[in-house]
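Trainee: the following block contains a protein sequence and its predicted model.
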Amino acid sequence: MIPIGIISSFLYLLFTVLDISILAEVILSYIPNIRESSFYRILVSFNNPILEPFRILQERLFGNMMIDFAPLLAIIVLNFISGILL
């Protein structure tokens, strides 16, 4: 049986890594020519499964907006879920 402390620590680490990777993608997206780098492509491919449902929701609710609020919504929901689980 796995102790609860190990599971809690793993979940905390997982949610922290997700938050940091989403913030890193947002910050790096403002740097010109970063989209061609392999690091940025890996970061986007890691975050896309998390952000895509929020982008679809944003498009349905607000139409085609110039500002992408999906990262903000994802971080809020991830923090809400981690607050419930931890």
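Mentor: Yes, it's here. Residues are numbered from 1 along each chain as shown.

Trainee: list the residues that contact the spatially most central residue of the chain.
Mentor: Centroid check for the chain by C-alpha atoms, centre = their mean gives residue 22 as the closest residue, at 3.9 Å. Under the criterion of C-beta atoms under 8 Å, 6 or more residues apart in numbering, the neighbours of residue 22 are 47, 50-51, 71, 74-75. The way it works is simple: take the backbone N, C-alpha and C, and place the C-beta from them, glycine included.

Trainee: surely residue 74 and residue 50 touch.
Mentor: Yes: assessed by C-beta atoms under 8 Å, residue 74 is found in contact with residue 50 at 5.5 Å.

Trainee: related to what we said a few turns ago, helix, strand, or coil at the residue nearest to the residue nearest to the centre of the chain when sequence neighbours are not counted?
Mentor: Closest residue to residue 22 apart from its sequence neighbours, by C-beta to C-beta, 6 or more residues apart in numbering: residue 71 at 5.0 Å. The three-state label given to residue 71 by DSSP: H, G, I helix; E, B strand; the rest coil is helix.

Trainee: would you confirm that residue 71 contacts residue 25?
Mentor: Yes: using C-beta under 8 Å, residue 71 is in contact with residue 25, at 7.1 Å.

Trainee: any stretches of the protein with poor pLDDT?
Mentor: Counting by pLDDT under 70, the chain contains no low-confidence residues.

Trainee: one more pass at 80, please.
Mentor: The model of the chain has pLDDT under 80 over residues 1-2.

Trainee: all helices in it, in order from the N-terminus.
Mentor: 4-28, 38-62, 70-85 (DSSP state H).
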